[in-house]
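Chemist: Sequence first, predicted model second:
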There are 4 protein chains.
Amino acid sequence: MAFLNPSSPTSEKLEKQFVEFRHHLEESGNLRERIQAVATEIDSVTRIIYASLLLVHQCLPVSEVIEKAKAQIGVLKEHYSRLSEIVRECPGQYYRYHGDWKSETQTVVSLLAFMHWLETGTLVLHSEVEEKLGLIPTELGLDVDDYLVGICFMSNELPRYVVNQVTAGDYDCPRKVLKFLTDLHAAFRMLNLRNDFLRKKFDGMKYDLRKVEEVFYDVKIRGLAANGDSVGEKQAQGQS
Amino acid sequence: MAFLNPSSPTSEKLEKQFVEFRHHLEESGNLRERIQAVATEIDSVTRIIYASLLLVHQCLPVSEVIEKAKAQIGVLKEHYSRLSEIVRECPGQYYRYHGDWKSETQTVVSLLAFMHWLETGTLVLHSEVEEKLGLIPTELGLDVDDYLVGICFMSNELPRYVVNQVTAGDYDCPRKVLKFLTDLHAAFRMLNLRNDFLRKKFDGMKYDLRKVEEVFYDVKIRGLAANGDSVGEKQAQGQS
Amino acid sequence: MAFLNPSSPTSEKLEKQFVEFRHHLEESGNLRERIQAVATEIDSVTRIIYASLLLVHQCLPVSEVIEKAKAQIGVLKEHYSRLSEIVRECPGQYYRYHGDWKSETQTVVSLLAFMHWLETGTLVLHSEVEEKLGLIPTELGLDVDDYLVGICFMSNELPRYVVNQVTAGDYDCPRKVLKFLTDLHAAFRMLNLRNDFLRKKFDGMKYDLRKVEEVFYDVKIRGLAANGDSVGEKQAQGQS
Amino acid sequence: MAFLNPSSPTSEKLEKQFVEFRHHLEESGNLRERIQAVATEIDSVTRIIYASLLLVHQCLPVSEVIEKAKAQIGVLKEHYSRLSEIVRECPGQYYRYHGDWKSETQTVVSLLAFMHWLETGTLVLHSEVEEKLGLIPTELGLDVDDYLVGICFMSNELPRYVVNQVTAGDYDCPRKVLKFLTDLHAAFRMLNLRNDFLRKKFDGMKYDLRKVEEVFYDVKIRGLAANGDSVGEKQAQGQS
């Protein structure tokens, strides 16, 4: 490839350098394409899981809804295992390509967290998500920011859940969700968040909290809350 | 038209070519103008229909509201018949000019779908829209994407309808609309939508769903829902 | 797939319709992907051709430069043959997918036109481009707008060519290019262009014309033009 | 810190997790601040170097201009040494923070490349930049993209340089720069650039090339070029 004056030794070095760059760029381009292909597949699985979980808003039995969604976790695990293999090929460059699977992983966290909460009423821990996905921290760990953003996304789903549960007659749900969200919000407040994407998502959590508080208020003021310490119209009328 | 050196045979060919292009561009320009003229008229009719249908939010009797709107369908039919004639002049170029009547047709679909739903409580089918408009698929069919986008637009109208119906005392409306929207949303989820305009419109449908859920919740928690398992103020008052 | 209430006959029809849509969307999605894959390959070939043609600015012999570029036309032909096959699968939908290969084809036209001009000094005709690419108008013809936009792109390359040719000592080049561009500009002016992309590109052609006129002026005023009717300093000094 | 119900063991784990996150986020926040502080200092030095180099456009002797600029390289070296120390604290996270010093480094490359070119007439190699800055590839290497973007920036400086040199009477400068830029452009074309920032910067290089070609043309047509095949005014005057 004699695109430069071949007589000069400088030109030779220059050509050699660009030949190397070409290999370098091709290699990283290929790597990126492979990563993006896996990310696309992860995205497809999260759509399937989300479609299953949505049925919880139509008040199908939680166990049934979860069952279907859980069946997909194995598939996710396989995709992350492939991702891990690819990233292992370029040690120390996790964060070079991280942007290519970041948003997909945030969605994965939000779905796993929602499922976990439906089953246990507690927040799935960072280490538990890694375990569910078969992630090995020394190879392809779960970025803390991705975990936290995913949790914020999960919080966004809760107001709708509460509304539909109350409609279906579960009047104790708002209290439980409010307790959970209040604790979660308090936990996030411990963090000294920079002025970034995560901070913005966390700021949105307060609207979820407010909405759930309003539903809890509606239930409480009508004396529908389970534990009987009803107030509102009932009490007021009792005094009349 | 001797704009080029007439002596050269190349110039003659060149001139001949541009004379042809001129005819070609004039022809397609005229066609486009005629199509846009029809599209403008379709747009006018949809404004009239929409103005009639809006009265449903003021809780006029549905039959009366529909009657007025229906009277315009014949006019729409005529316009589409003219459109079909024009498009027939340029076989195989439906999609060349499609952009010129696309958005008008999406609005037409949304209005027909809303009217159909008001009358029957069901989703108007693609083939039914074609029939109502006198469209012959082999000549000027209804593009599937336009049908689907139109249905999404129709969904956007439902939260407002529900709110106004409840205000007017129809407490069973939220349940029916919620059932309809939930089924519609599930049907759309079957489609593997690409990341395009239709996908964006479909993503918006979940806000309609959520809003209707909230109205249903309001009605339910106040024991206003038709099916009698009333709670809230009603119950509280029963205790006084 | 019982996502809807299976008891109702309407729901059955609705489900059937969405199943059909799903197939329809998958099919057109696949088609589009295949078209985009071919377009990407066409794009790669045009880069190779362009890289070869650029050497003309370094004043390598035209015949040599053209030779290399021409070797790629066969590859282009194969790609367009594949494109034609794909488009044949969906009769009457050429313009539905046209946007996916339009800009690549405009570049192809500009390169073929530049090569043709370098060899013959004349404008390649629309029919000649079709012939070079093996396009059959009844199957996958060359859109007239794409041809015209491509010619405008080709015109943009000419000022640079003229500058470099004069630098290399070819003082007759500006006159020839100016004649060509003037005729081309006149030919375009015959067309009644709408206010669109093509019109904008054509408007840019006048800057190419002006630049070439300036180079011609520089050459002429210095008595460098081939045909000896020199003016400027020479004449002025002759009078002293 | 009893922000959660301390009785529940889940809450304890949750609290423990967020305490860890807090440390984690503080640590990475501090790291980022320290990196940004160094980047700001690198930026200051590049401004000083650029201000010195600008004098080359006023045609001060190159050696004198370079001398002043070179004096700052030691300072740059120290800053990069500090940067390297900081990045060493977080192994495998080079690309996590890379965005914080990327653009400053691209400017550094462009300045070093310009100085190198002024002194030697050749392109500074990637390895030479690393050497000048005391960068050790295994610790804090120079990202290939940053090197390439920096070279593009350097190319942007050349048209202005050529114009000012010709103004000052150096008529051989355009030929030399044109040769250099043509080779550089050819070298870049070897790379199969993705559609990203670097590609965009490279696309801009052709305007530098064109501008230098035009200056070379001006010099040549007036018979000012060094190699004697003068034409134009000179010749015309010879005839008088």
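Modeler: That came through, no problem. Numbering: from 1, shown residues only, chains lettered A, B, ... in the order given.

Chemist: tell me which element residue A:115 falls in.
Modeler: helix A:102-120 (DSSP states H and E).

Chemist: what sits up against that helix?
Modeler: With contacts defined as Cβ atoms under 8 Å, 6 or more residues apart in numbering or on different chains, helix A:102-120 is touched by A:39, A:42-43, A:46, A:49-50, A:53, A:56, A:62, A:65-66, A:69-70, A:73, A:76, A:122-124, A:128-129, A:132-133, A:142-143, A:146-147, A:149-154, A:157, A:180. C-betas here are computed from N, CA, C, even on glycine.

Chemist: Skip ahead from it and say which helix or strand is next.
Modeler: helix A:126-132.

Chemist: That next one - contacts with which helices or strands?
Modeler: With contacts defined as 3 or more Cβ pairs under 8 Å, 6 or more residues apart in numbering or on different chains; DSSP states H and E, helix A:126-132 has these neighbours: helix A:102-120, helix A:144-167, helix D:9-54.

Chemist: are any of the contacts of helix A:102-120 buried, and which?
Modeler: Buried residues within these, counting neighbours by 16 or more other Cβ atoms under 10 Å in any protein chain shown: A:39, A:42, A:46, A:49-50, A:53, A:56, A:65-66, A:69, A:73, A:76, A:122-124, A:128-129, A:132-133, A:142-143, A:146-147, A:149-154, A:157, A:180.

Chemist: so where's chain A shaky on pLDDT?
Modeler: Applying pLDDT under 70 to chain A flags the ranges A:1-10, A:226-240.

Chemist: Using CSV, write out every CA atom in the helix holding residue A:115.
Modeler: Presented in CSV, the C-alpha positions along helix A:102-120 are these (Å, rounded to 0.1, in the frame of the first residue of the first chain):
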residue,chain,number,x,y,z
LYS,A,102,-26.0,0.5,30.4
SER,A,103,-29.6,1.5,29.6
GLU,A,104,-30.6,-2.1,29.0
THR,A,105,-29.1,-3.1,32.3
GLN,A,106,-30.9,-0.4,34.2
THR,A,107,-34.2,-1.8,32.8
VAL,A,108,-33.1,-5.3,33.8
VAL,A,109,-32.5,-4.1,37.4
SER,A,110,-35.9,-2.4,37.5
LEU,A,111,-37.7,-5.5,36.5
LEU,A,112,-35.8,-7.8,38.8
ALA,A,113,-36.4,-5.3,41.7
PHE,A,114,-40.1,-5.2,40.9
MET,A,115,-40.4,-9.0,40.8
HIS,A,116,-38.3,-9.3,44.0
TRP,A,117,-40.5,-6.7,45.8
LEU,A,118,-43.7,-8.4,44.6
GLU,A,119,-42.4,-11.7,46.2
THR,A,120,-40.7,-10.5,49.3
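
Chemist: Check which residues of it are buried.
Modeler: Applying 16+ other Cβ under 10 Å to helix A:102-120 flags A:102, A:104-118 as buried.

Chemist: ok, so of the residues you listed, who is nearest residue C:211?
Modeler: Closest approach between the buried residues of helix A:102-120 and residue C:211, by Cβ to Cβ: residue A:102, at 47.5 Å.

Chemist: Distance of residue A:192 relative to residue A:142?
Modeler: 21 Å (Cβ to Cβ, to the nearest Å).

Chemist: ok, residue A:19 touching residue D:190?
Modeler: Yes - at 7.1 Å, residue A:19 and residue D:190 qualify as touching, with contact defined as Cβ atoms under 8 Å.

Chemist: Turn the helices and strands packed on helix A:126-132 into a markdown table, including distance to residue A:35.
Modeler: Shown next, in a markdown table, are the helices and strands packed on helix A:126-132 (distance: least, Cβ to Cβ, whole Å):
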| stretch | distance to residue A:35 |
| --- | --- |
| helix A:102-120 | 11 |
| helix A:144-167 | 15 |
| helix D:9-54 | 23 |
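
Chemist: for those, which one sits closest to residue D:207?
Modeler: Nearest of the helices and strands packed on helix A:126-132 (Cβ to Cβ): helix D:9-54, 20.5 Å.

Chemist: other SSEs contacting the closest one?
Modeler: helix A:126-132, helix A:144-167, helix A:173-189, helix D:62-70, helix D:73-88, helix D:94-97, helix D:102-120.

Chemist: and residue A:81, which of these is closest to it?
Modeler: Among these, the nearest to residue A:81 by Cβ to Cβ is helix A:126-132 (12.7 Å).

Chemist: which residues does the residue nearest to residue A:113 when sequence neighbours are not counted contact?
Modeler: Distance criterion Cβ to Cβ, 6 or more residues apart in numbering or on different chains; nearest residue to residue A:113, sequence neighbours excluded, is residue A:154 at 4.1 Å. Taking Cβ under 8 Å, 6+ apart as the criterion, residue A:154 is in contact with A:109-111, A:113-114, A:117.

Chemist: just curious, which of these is nearest to chain C?
Modeler: Lowest distance from chain C to these (Cβ to the nearest Cβ) belongs to residue A:111, with 19.8 Å.

Chemist: how near is that closest one to residue A:45?
Modeler: Using Cβ to Cβ, we find residue A:111 at a distance of 9 Å from residue A:45.

Chemist: same thing with residue A:97?
Modeler: 20 Å.

Chemist: now do residue A:165
Modeler: Residue A:165 is 27 Å from residue A:45, by Cβ to Cβ.

Chemist: Can you classify residue A:224 by secondary structure?
Modeler: Three-state call for residue A:224 (DSSP: H, G, I helix; E, B strand; the rest coil): coil.
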